[in-house]
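Asks: got a structure for you, letters missing:
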Ligand SMILES: [Zn+2]
Ligand SMILES: [Zn+2]
């Protein structure tokens, strides 16, 4: 059988049967040594049993790695828990992404292929979702808000199960998929929200999983998906949002020498040097994500955001002498759900269904089992 087909089938049957998800714990390319420690329960490999609180160091050499005191040269290792509540942690004092304050449930696979180290944690879907919610939304919110976050993170995860199939796992642990660092603290609001929304997914009018994008703060109005990326989704359209206006990331300002911006436009964007740039920048007196024009050329706000690392592409300018003042709104790409707006909606008593419908127009909630019913019907 084709190896990719086999991986696809394994990923899919795994999620259907046990509701487990495999997460690639990246990036480990340059990690030469790290420590595996059991926090509760015991773990087992083909070669040894790892008792509670036991620490084992994994050292990476050219073409192989070793574990603990053993000199056996390994290229892969599977660590499995002996009971379902067993937890482990990974740490390395020299690495910013390996911290002992995070714990993981489930199995750990360590692979070294072409001298590239891959770590895969396979854990129950609810455990994964709790970790993602902690990383993406913190631990200070109420259960209703976490229900919203649980549904959108579950929907997103199930939409992208095959994204990393060639690396042998479902999703990575970075912003490319969803941030997942394991569990930092036990938070009963998060656990409750994941449990209460069990199996709930957000779908569009054709019962297809919705592309549940979210961002930190929309600055008062969310953005059409097609203005940020190329694909249009009817439920990812611009929505007025008054809920986020008093939150931390609602506005921002930046001050910079005009010469720095001129350099960017003349050298990176090819704007002719004889044009007086400030005359064009001054025209943006209302904050907007719209592209702006210099002569007949169109320059999009996203490129400027990226070039100067601004929090959003939603801004206006003023020019005073040799200084450019940027007044910005929001934080993030602005498409889909505004997290800070949704948080405020939950504080004022709005329920998760209403919050989801506010940001994702004309979407529906569906149980996972019903989704397969619709999709199977469509395949006939
Ligand atoms: Zn990814
Ligand atoms: Zn907002």
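Replies: It's in. Predicted model only: the values in this text are computed from it and were never measured. Ligands and ions are numbered 1, 2, ... in the order given.
Asks: Name the residues that touch stretch 183-200?
Replies: Residues external to stretch 183-200 that are found in contact with it (CB atoms under 8 Å, 6 or more residues apart in numbering): 101-105, 126-127, 129-131, 133-134, 139, 141-147, 149-151, 154, 352, 365-369. No exception for glycine: its C-beta is placed from N, CA and C like everyone else's.
Asks: try 6 Å this time
Replies: 101-103, 126, 129-131, 133-134, 139, 143, 146-147, 150-151, 365, 367-368 (CB atoms under 6 Å, 6 or more residues apart in numbering).
Asks: go on, stretch 62-82?
Replies: 41-45, 56, 58-59, 107-112.
Asks: Pull the distance from it to the chain's centre.
Replies: 30 Å (CA atoms, centre = their mean, to the nearest Å).
Asks: Average pLDDT for that stretch, rounded please.
Replies: If you average the pLDDT over stretch 62-82, you get 94.
Asks: can you check stretch 266-279 too?
Replies: Stretch 266-279 carries an average pLDDT of 87.
Asks: again, but for stretch 26-39
Replies: The pLDDT scores in stretch 26-39 average 82.
Asks: Would you confirm that residue 207 belongs to a helix?
Replies: No: judged by DSSP: H, G, I helix; E, B strand; the rest coil, residue 207 forms no part of a helix; its state is coil.
Asks: Buried ones among the contacts of stretch 62-82?
Replies: 41, 43, 45, 56, 58, 107-112 (16 or more other CB atoms under 10 Å).
Asks: Also near ligand 2: which of the residues you listed, exactly?
Replies: Among the buried ones among the contacts of stretch 62-82, no residue lies close to ligand 2 (CB under 5 Å from the ion).
Asks: Which ones among those residues map onto strands?
Replies: 43, 56, 58, 107-112 (DSSP state E).
Asks: picking up where we left off before, possible to save the buried ones among the contacts of stretch 62-82 as CSV with distance to residue 320?
Replies: Below are the buried ones among the contacts of stretch 62-82 laid out as CSV (distance: CB to CB, whole Å):
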residue, distance to residue 320
41, 63
43, 62
45, 65
56, 61
58, 57
107, 59
108, 56
109, 58
110, 57
111, 57
112, 57
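Asks: quick check, nearest of those residues to residue 182?
Replies: Nearest to residue 182 among the buried ones among the contacts of stretch 62-82, counting by CB to CB, is residue 108 at 10.8 Å.
Asks: What's the local residue count around the residue lying closest to that closest one once chain neighbours are set aside?
Replies: In space, and not counting its chain neighbours, residue 108 is closest to residue 79: 4.4 Å by CB to CB, 6 or more residues apart in numbering. If you count neighbours by other CB atoms under 10 Å, residue 79 ends up with 22.
Asks: do the same with residue 82
Replies: By the measure other CB under 10 Å, the count of residues near residue 82 is 13.
Asks: And it, how close does it get to residue 36?
Replies: Using CB to CB, to the nearest Å, one gets 15 Å for the distance from residue 82 to residue 36.
Asks: Give me the secondary structure label for the closest residue to residue 178 other than its chain neighbours.
Replies: Once flanking residues are discounted, residue 178 sits nearest to residue 132: 4.7 Å by CB to CB, 6+ apart. Using three-state DSSP, the structure places residue 132 in helix.
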